[in-house]
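In: using only what follows, build the 3D model:
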Amino acid sequence: SLIGMGGQADELKATMNHAAEKAVAQAKPVFKQALQHMTVSDAKAILTGGDDAGTQYFRRATSGQLTERLKPIVTTETAKLGLTAKYNEYAGKAAQLGLLSSEDANLNDYVTAKALDGLFSRIADEEHEIRKDPFGQASSLIKKVFGTL
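Out: The predicted structure follows:
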């Protein structure tokens, strides 16, 4: 949670959303690379796994690179708000008291993590829909692809 941020929490949330939107553009080549490096056993685990097995694979395979690509964007966006020092001061105190994890005590780390959580949450939602109705989702995708030709 955004301890000590008061009315600036809404601005910060908007910044998080903006950073998450920018992350999508950064994610495409990273996901493509993860697909290219997927093994047969990875694919089998996704097919036989739970509702979010594919999402979990991509989270494991891409989180490090996505964090590296997203954090500079987040740093730029949060700097525009001028909240970083204030947040880090309050959050650092909260972390010392055990009210906040040390990972969440740095604004840019916190926003980066939340943006990635949002991205993977959307992927998990899509995966759930595909697993629920694989043929319906496939035909919808085919219509989108061939409808643009």
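
In: where does the protein dip in pLDDT?
Out: Counting by pLDDT under 70, the chain has low-confidence residues at 1-8, 20, 23, 137-139, 141-149.

In: residue closest to the middle of it?
Out: Geometric centre of the chain, nearest residue: L116, 1.6 Å, by Cα atoms, centre = their mean.

In: residues touching that residue, list them.
Out: Neighbouring residues of L116 by Cβ atoms under 8 Å, 6 or more residues apart in numbering: A23, S63, L66, T67, L70. In short, each C-beta sits where N, CA and C put it, glycine included.

In: make a markdown table out of those and add distance to A94, neighbour count and secondary structure.
Out: Compiled in a markdown table, these are given as follows (distance: Cβ to Cβ, whole Å; neighbours: other Cβ atoms under 10 Å; DSSP: H, G, I helix; E, B strand; the rest coil):
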| residue | distance to A94 | neighbour count | secondary structure |
| --- | --- | --- | --- |
| A23 | 26 | 21 | helix |
| S63 | 25 | 15 | helix |
| L66 | 26 | 23 | helix |
| T67 | 23 | 16 | helix |
| L70 | 24 | 24 | helix |
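
In: now for the residues you listed: which two are most distant?
Out: Using Cβ to Cβ, these reach their maximum pairwise distance at A23 and S63, which is 11.5 Å.

In: A27 is in contact with L119, correct?
Out: Yes. The pair L119 and A27 passes the contact test of Cβ atoms under 8 Å, sitting 6.5 Å apart.
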